[in-house]
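Novice: Give me coordinates for this.
(2 chains)
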2 protein chains.
Amino acid sequence: MKVGFVGLGIMGKPMAKNILKAGGHTLRFYARRPEIRTEMEALGAEYVGQLSQLGQGCDVVFTMLPDGPDVKKVVLGEGGVAQGMERGSVLIDCSSINPAHSREIAEGLAEKGIEMLDAPVTGGESGAIEGTLAIMVGGKREVFDRCQPLVATMAKSVTYCGPVGSGNTVKLVNQVIVGNTLGAISEGILLATQAGIDPELVFSILRGGMSGSRIMEAKLPKMIRQDFTPGFKMDLQIKDLRNALAFGKSEGVPMPLTEKVTQEMQAIADEGFGNEDHSVLIRYYQQLLP
Amino acid sequence: MKVGFVGLGIMGKPMAKNILKAGGHTLRFYARRPEIRTEMEALGAEYVGQLSQLGQGCDVVFTMLPDGPDVKKVVLGEGGVAQGMERGSVLIDCSSINPAHSREIAEGLAEKGIEMLDAPVTGGESGAIEGTLAIMVGGKREVFDRCQPLVATMAKSVTYCGPVGSGNTVKLVNQVIVGNTLGAISEGILLATQAGIDPELVFSILRGGMSGSRIMEAKLPKMIRQDFTPGFKMDLQIKDLRNALAFGKSEGVPMPLTEKVTQEMQAIADEGFGNEDHSVLIRYYQQLLP
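Specialist: Got it, this is the predicted structure:
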C-alpha cells in the first residue's frame, strides 16, 4: 500500500518504521524536525513538505498526535491532511483521544468521501519499537478488514471494537480502571505501612488473592521503591481520564470515582510530577499523612 | 490440642469441622441453636452451655463473629470467654474486624496472661468447607509458630503478617482494593455499553491488558449478566470498608476513594441489595443513567 504518516514522535516514529520494515509498502511522511526527516529518508521514506500534500496517492494516512484538538487541526484544519486525501482512502488515527472527537473527525472526512478508523494503541514505547502494541480499532467493518494487515505490522494484536470511536472508548475504559486501581492500591498500601507492616510482605500476600491485578504487579513495586521513572507518564494518564470524563458526560455516564482520582492526579502533577510514572499518585496520599 | 470454638455460623461451622477432621484435637464449642449442637455433638465435639466455661482446659479458643464489637463482648464482656481461659492459652480471632479492635482485645487478654492472634480469612464459604481458606495472622511470632499447624487444618495458606492487628490490616487492604476496583470496573464498563459497545467484547479485550485483574475475572461476568447471587455479600463489603475507613482515620491515612465508593455501596444496600453480591455496585451507576 501507499501509506502516509504524520506524528513521528516517541510512539509514531517506531510505528512508522515497522510499516517500512514489514515490506511491500511505500511511506510518505510529514515532519517538522530535520533530524526526523534525515532518519526516515535514510530508511527509504519520502518526505512531504506540506501536510495538505501528504495524502496524495495514499491508500492510508496514519496520524499519531497528542490529543483530539491536534488531530482535528492536522486532519480537517486549513491546509490539513484531508485536503490531499483521495475519495475512498482511509485515515487511521492512532492517537488516544475522546471518542466524541473521533466521531466528529470521521463525519468531517465522510463529507469528502474519506473513510476513518480510530485505532489507539497500548504497549508504550517498547511495544511501538518491538511492534508488539495492542491496537483497538473502531470504524466500518469492511474498512477494518481491508486495513487490518497494514495495522498488524505494528502490533501483536489488532481488535475490531465497533463503529468509529469504539477503539478509543475501549482504550478509555482500560485507562479508567487502571487509574482508579492505582488510587485503590495507594490508599490500601499506605494503610498497611502506617500500621507498621512491611509493604513487600503485603504485596506478596495480596498478589495471590482477589485483589491481585496486572497493574498491581507492574506498579506496586515502583510505589514501594518510590521509583517513578516512567513507564506511563502521569500527564498522559490525566489526559486520558479527562477524555473519559468528557466522553462520560456527553454519554450521560456518572463517573464519581474517576472524577475524584483525576483531581488527585492533577494535584500531584501540579506539584511538578507530571512527567513521572502515573504510580507517583501514591505521593498525593503520602503528603497528606500526619 | 484442646480447642474451643464460638461462632459456628456459615464460616465458623465448617472451619470447626475441619479442625476435628484433621484428627489429634478435641473440640469444645458454644452455640445457641440446638441444631448446631446436635450436628457438632454427632461429630464428637463437646457442647459447653456457658461462654465463661468454654475456655476451661483449652490450649486455644477460636472466635468467628460478625464484627469487632461482637468479639469484644463475647471475649471480654461479663461472662465472656476470657473468664474461663487459662494463663498462657491463646485466643485466635478469625473474625474480620477493625485492627484497632484486635489490639484492644489483645490488651484486655494480656492483662489476664492470655495470648491473642488475629487471623481473618478469605476464600468464602466454599473455602471454609474445603479447608482452602487463606488466613492472615497477626500476633507474637512464637505464638503464631505454636498455633500454625492447628490453623493450617482450615487453610491452604497461613501467613504471618506482624504484630496483633496485622492480619486484619492486610485483609482490609485487600478489601479496599477489591471494593474500589469494583467501582472502577462499573464506571468503565457502563461507559462502553452507553457508547454502544458489547461489554463481552470489552471484557475479552481488557482482561489481557493492563486493567486485567482477578476481581475483573470474577465479577465483570456477573455485572454483564446482572447475576448478583453472592459470592461475597455487599453488606459484608461495606462492613469491611467501614472498618478500613475507621482504622484509616485512627492511623491518619486519607482514603478519599474508599470513602466515595463506600457511600455508593451504602446507597445501593439501602435500596435492598445488601444481601446481593458486592458486584451489584454497578446498579448504583446504572440507576443514575439518563
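Novice: So A:P14 sits against A:G124, correct?
Specialist: No. Counting by CB atoms under 8 Å, no contact exists between A:P14 and A:G124, whose distance comes to 10.6 Å. Every residue, glycine included, has its C-beta placed from N, CA and C.
Novice: Neighbour count: these two, which is higher?
Specialist: A:P14 (20 against 17; other CB atoms under 10 Å in any protein chain shown).
Novice: would you put the C-alpha positions of the longest strand belonging to chain A in CSV?
Specialist: Criterion DSSP state E: the longest strand present in chain A is strand A:155-162. The C-alpha coordinates for strand A:155-162 follow below in CSV (Å, rounded to 0.1, in the frame of the first residue of the first chain):
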residue,chain,number,x,y,z
ALA,A,155,1.1,-4.8,16.7
LYS,A,156,0.8,-8.2,18.4
SER,A,157,-3.0,-7.8,18.5
VAL,A,158,-5.4,-5.8,16.4
THR,A,159,-9.0,-5.9,17.6
TYR,A,160,-12.2,-4.7,16.0
CYS,A,161,-14.3,-2.9,18.6
GLY,A,162,-17.3,-1.5,16.6
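Novice: That one pairs with which strands, and in what direction?
Specialist: strand A:133-138 (parallel) (DSSP bridges).
Novice: Now do the strand it pairs with: everything it contacts.
Specialist: Contact partners of strand A:133-138, identified using CB atoms under 8 Å, 6 or more residues apart in numbering or on different chains, comprise A:15, A:94, A:99, A:102, A:117-123, A:127, A:144, A:151, A:154-171, B:205, B:208-209.
Novice: And for stretch A:261-279?
Specialist: With CB under 8 Å, 6+ apart, stretch A:261-279 has contacts from A:178-180, A:182-183, A:219-220, A:222-223, A:228-238, A:241-242, A:245, A:280-281, A:283-285, B:256-257.
Novice: Name only those of those that count as buried.
Specialist: A:178-180, A:182-183, A:219-220, A:222-223, A:228, A:230-238, A:241-242, A:245, A:280-281, A:283-285, B:256-257 (16 or more other CB atoms under 10 Å in any protein chain shown).
Novice: Which stretches in chain A count as helices?
Specialist: A:12-22, A:34-42, A:51-54, A:68-76, A:99-110, A:124-130, A:141-151, A:166-194, A:199-206, A:214-225, A:234-251, A:256-268, A:281-286 (DSSP state H).
Novice: ok, and which of those helices has the densest surroundings?
Specialist: Of all those, helix A:166-194 has the most neighbours on average by mean count of other CB atoms under 10 Å in any protein chain shown, namely a mean of 28.
Novice: quick check: angle from that helix to helix A:199-206?
Specialist: Put simply, helix A:166-194 runs at 120 degrees to helix A:199-206, going by axes from the mean of the first three to the mean of the last three CA atoms, to 10 degrees.
Novice: Mean confidence (pLDDT) on helix A:166-194, please.
Specialist: For helix A:166-194, mean pLDDT rounds to 98.
Novice: Ok, stretch A:6-18 next?
Specialist: Mean predicted lDDT for stretch A:6-18 stands at 97.
Novice: Just give me how far it sits from the chain centre.
Specialist: With CA atoms, centre = their mean, to the nearest Å as the basis, stretch A:6-18 stands 13 Å off its chain's centre.
Novice: Quick one: end-to-end distance for that stretch.
Specialist: Distance across stretch A:6-18, first residue to last, is 15 Å (CA to CA, to the nearest Å).
Novice: Check stretch A:267-277 too.
Specialist: 15 Å.
Novice: Now that stretch: buried residues?
Specialist: For stretch A:267-277, by 16+ other CB under 10 Å, it's A:268-269, A:273-274, A:276-277.
Novice: Could I get the phi/psi values of A:V48?
Specialist: Torsion angles at A:V48 (phi, psi; degrees, to the nearest 10) stand at phi -120, psi 130.
Novice: Quick one: residues contacting the spatially most central residue of chain A.
Specialist: By CA atoms, centre = their mean, chain A has its centre lying nearest to A:S96, at 3.9 Å. A:S96 sits next to A:67, A:120-121, A:168, A:171, A:236, A:239-240, A:243 when contact means CB under 8 Å, 6+ apart.
Novice: go with 6 Å
Specialist: Each residue near A:S96 by CB atoms under 6 Å, 6 or more residues apart in numbering or on different chains is listed here: A:120, A:171.
Novice: What separation do you get for it and B:G23?
Specialist: Taking CB to CB, to the nearest Å as the measure, A:S96 falls 60 Å from B:G23.
Novice: now A:S186
Specialist: A:S186 sits at a distance of 45 Å from B:G23 (criterion: CB to CB).
Novice: what's the answer for A:P14, then?
Specialist: Using CB to CB, we find A:P14 at a distance of 63 Å from B:G23.
Novice: contacting residues around the nearest residue to A:D93 once chain neighbours are set aside?
Specialist: Leaving aside its chain neighbours, A:D93 sits nearest to A:T63 (4.7 Å; criterion: CB to CB, 6 or more residues apart in numbering or on different chains). For A:T63, the contacting residues are A:6-7, A:71, A:93, by CB under 6 Å, 6+ apart.
Novice: most neighbours, which of the residues you listed?
Specialist: Of all the contacts of A:T63, A:D93 has the most neighbours under the rule other CB under 10 Å, reaching 31 neighbours.
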